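Student: Using only what follows, build the 3D model:
(4 chains)
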Protein chains: 2
Amino acid sequence: MRKQASPRPIHAKQKRLSPEHRRKEFVAKATEFFSEEGFGGGTRDLARRLGVTQPLLYRYFPSKDELIKEVYRTVYLEPLDTGWEKLLADRSRPIRRRLQEFYGAYTKAIFTRKWLRIYLYSGLKGLDINRWYVGVVRDKILTRIIRECRHEAGLPPETRPTASELEMAWVFHSGIFYYGVRKYIYESPVLEDREQMISNALDAFLAGFERVFGTATPDMARQPVKIAG
Amino acid sequence: MRKQASPRPIHAKQKRLSPEHRRKEFVAKATEFFSEEGFGGGTRDLARRLGVTQPLLYRYFPSKDELIKEVYRTVYLEPLDTGWEKLLADRSRPIRRRLQEFYGAYTKAIFTRKWLRIYLYSGLKGLDINRWYVGVVRDKILTRIIRECRHEAGLPPETRPTASELEMAWVFHSGIFYYGVRKYIYESPVLEDREQMISNALDAFLAGFERVFGTATPDMARQPVKIAG
DNA sequence: ATATCTAGTGATCAAACGATAAACAGGGCA
DNA sequence: TGCCCTGTTTATCGTTTGATCACTAGATAT
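Tutor: Model prediction:
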């Protein structure tokens, strides 16, 4: 008794897809596990969490290291690939709105205990993927923000960001980033209104950027202080 | 043949002091070791680094965990106990100078690969000592900074800092802190002139604090934008 | 000199680790 | 039914881990 027409390709698809689904499920659960226990966590404990026995992991992944690498890959790519660059560059909207919206979306993506922990672990290991991510933030986000700030301040937009501009953007960005660390890793009490936090940080950054780099009218804004050793 | 006069107290001192010195030396070297390898590093590798055999560690420390706790204790207390509170509160000097000097000294104390790594490791473990340190930063540093900023802006200094003020100080402080993480842990290129970085961050923070909380003249400063969901 | 004390070593244990091999179970297909 | 394929488990290997014990070397005290 034949069930349906062309059962072959259907079954073939299911057969090929199901293991991949299982694999993805394993990676997802492993991400949660390693984010809590650290990557020193044992494969037996991980398997118990998955509801399977430990040797089964080695049917899906050749080694623990390979599993970990796959965890990194999925975690790092998770918050990316949205239209953030276009959002930041859309000069039909005021820059402050754009930045507020961007950091609302960005922090919504990365402010999870899981993501932040994996990120810090990989950073402490000095992994290439971490350096790659830092480079992405610098080139795709901060450089764009500086370009928009320059345009806003009436500065020439042609050249690449100076080290000083980039650093100021980094300090701003890091301040927001560390809000997530304090809340989700240190579990320290923070200002609950995240949008307000971003708004205040933006006020400081935009005012500071103009004060430091802008063509300030000398009477209303104090010049940046030169430091004596 | 007697060596010298009164050898007793001298020798006694050496005898009692020498083991403690050795212990301190072990803790110091263990700090370096664990900061690089993580606390999952083996006691045999640690002993090799100390130039001794592994069982000797257990003459000085009852267990690996106790050694680790002692590492935490010394590392966390290392940068503290200087006259920072007095420095921040000295109103005979301009607030900007005080903050610049404070963050120069503070970052000089904690911006080492060793300290930052131990700090992040303990933060990821959720250790009590980490929470204690975060509380110290909040109560002894940020609260004081806010008080001075309020005084500078002509605001009432009596009440405790609001959650919003505290958050703004945290974001500022974290931005500077993360400069160290980027430089010494991620080993990412940063603006080499640290004083300049602090100066720019200060410009942004002070301008932002006044813009957000100060009694701003409405025509020269744009009001903080209320966010629509 | 000799007894004493102690920092330090060599040998070793039990447990936990990552990883492998062989056996098992259950559904699809002839 | 009997065969095969594949997901899963049981049993186990070799190594590494933190930790312990009995012993040695070397300085000190009498």
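
Student: Which secondary structure element of chain A has the lowest mean pLDDT?
Tutor: Counting by mean pLDDT, DSSP states H and E, chain A has its least confident helix or strand at helix A:7-37, which shows a mean of 75.

Student: So is the helix or strand that that helix is followed by next to DNA strand D?
Tutor: Scanning the chain past helix A:7-37 towards its C-terminal end, the next helix or strand to appear is helix A:43-50 (assignment: DSSP states H and E). No. If you take Cβ under 7 Å from any atom of the strand as the test, helix A:43-50 misses DNA strand D, and the best it gets is 7.5 Å. C-beta here means a position set from N, CA and C on the backbone, and glycine is covered the same way.

Student: could you say what helices and strands the helix or strand that helix A:43-50 is followed by packs with?
Tutor: Using DSSP H and E, the next helix or strand after helix A:43-50 towards the C-terminus is helix A:57-60. In this structure, helix A:57-60 makes packing contacts with helix A:7-37, helix A:43-50, helix A:64-77, judged by 3 or more Cβ pairs under 8 Å, 6 or more residues apart in numbering or on different chains; DSSP states H and E.

Student: possible to save these as a markdown table with distance to A:K86 and mean neighbour count?
Tutor: Formatted as a markdown table, the entries for these read as follows, by distance: least, Cβ to Cβ, whole Å; neighbours: other Cβ atoms under 10 Å in any protein chain shown:
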| stretch | distance to A:K86 | mean neighbour count |
| --- | --- | --- |
| helix A:7-37 | 29 | 14 |
| helix A:43-50 | 39 | 16 |
| helix A:64-77 | 19 | 17 |
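
Student: closest one to A:L191 among these?
Tutor: Taking Cβ to Cβ as the measure, the helices and strands packed on helix A:57-60 were each checked against A:L191, and helix A:7-37 came out nearest at 24.5 Å.

Student: Packing partners of the helix or strand harbouring A:E85?
Tutor: In this structure, A:E85 sits in helix A:84-89 according to DSSP H and E. Secondary-structure packing of helix A:84-89 (3+ Cβ pairs under 8 Å, 6+ apart): helix A:95-110, helix A:143-153.

Student: The last one close to chain B?
Tutor: No. Helix A:143-153 is not in contact with chain B by Cβ under 8 Å from any Cβ of the partner chain; minimum separation 11.8 Å.

Student: Can you name the next helix or strand after that helix?
Tutor: Downstream of helix A:143-153, the next assigned helix or strand under DSSP H and E is helix A:163-184.

Student: Are the next helix or strand after that following helix and chain B in contact anywhere?
Tutor: Using DSSP H and E, the helix or strand that follows helix A:163-184 towards the C-terminus is helix A:194-213. Yes. Part of helix A:194-213 sits near chain B under the criterion Cβ under 8 Å from any Cβ, namely A:195-197, A:199-201, A:203-205, A:207-209, A:211-212.

Student: For the residues you listed, please prepare TSV with the additional fields distance to B:T107.
Tutor: Listed next are those as TSV, based on distance: Cβ to Cβ, whole Å:
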residue	distance to B:T107
A:E195	30
A:Q196	28
A:M197	23
A:S199	27
A:N200	23
A:A201	20
A:D203	24
A:A204	19
A:F205	20
A:A207	23
A:G208	18
A:F209	22
A:R211	22
A:V212	19
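
Student: A:E165 and DNA strand D, how far apart?
Tutor: As defined by Cβ to the nearest atom of the strand, to the nearest Å, A:E165 lies at a distance of 45 Å from DNA strand D.

Student: Share the number of residues neighbouring that residue, please.
Tutor: Residues contacting A:E165 under the criterion other Cβ atoms under 10 Å in any protein chain shown number 24.

Student: Nearest residue to it in space, please, no chain neighbours.
Tutor: Closest residue in space to A:E165, ignoring its immediate chain neighbours: A:I146 at 5.0 Å, by Cβ to Cβ, 6 or more residues apart in numbering or on different chains.

Student: Would you confirm that the one you found contacts A:A163?
Tutor: No. Under the criterion of Cβ atoms under 8 Å, A:I146 lies out of contact with A:A163, with a separation of 11.2 Å.

Student: Neighbour count: those two, which is higher?
Tutor: Residue environment comparison for A:I146 versus A:A163 gives the larger neighbour count to A:I146, 21 against 15, counting by other Cβ under 10 Å.

Student: How far does the helix holding A:E85 sit from its chain's centre?
Tutor: 16 Å (Cα atoms, centre = their mean, to the nearest Å).

Student: Stretch A:126-142 too?
Tutor: The answer for stretch A:126-142 is 9 Å, by Cα atoms, centre = their mean.

Student: Straight-line length of that stretch, end to end?
Tutor: For stretch A:126-142, the first-to-last residue distance is 22 Å (Cα to Cα, to the nearest Å).

Student: what do you get for stretch A:135-145?
Tutor: For stretch A:135-145, the first-to-last residue distance is 15 Å (Cα to Cα).
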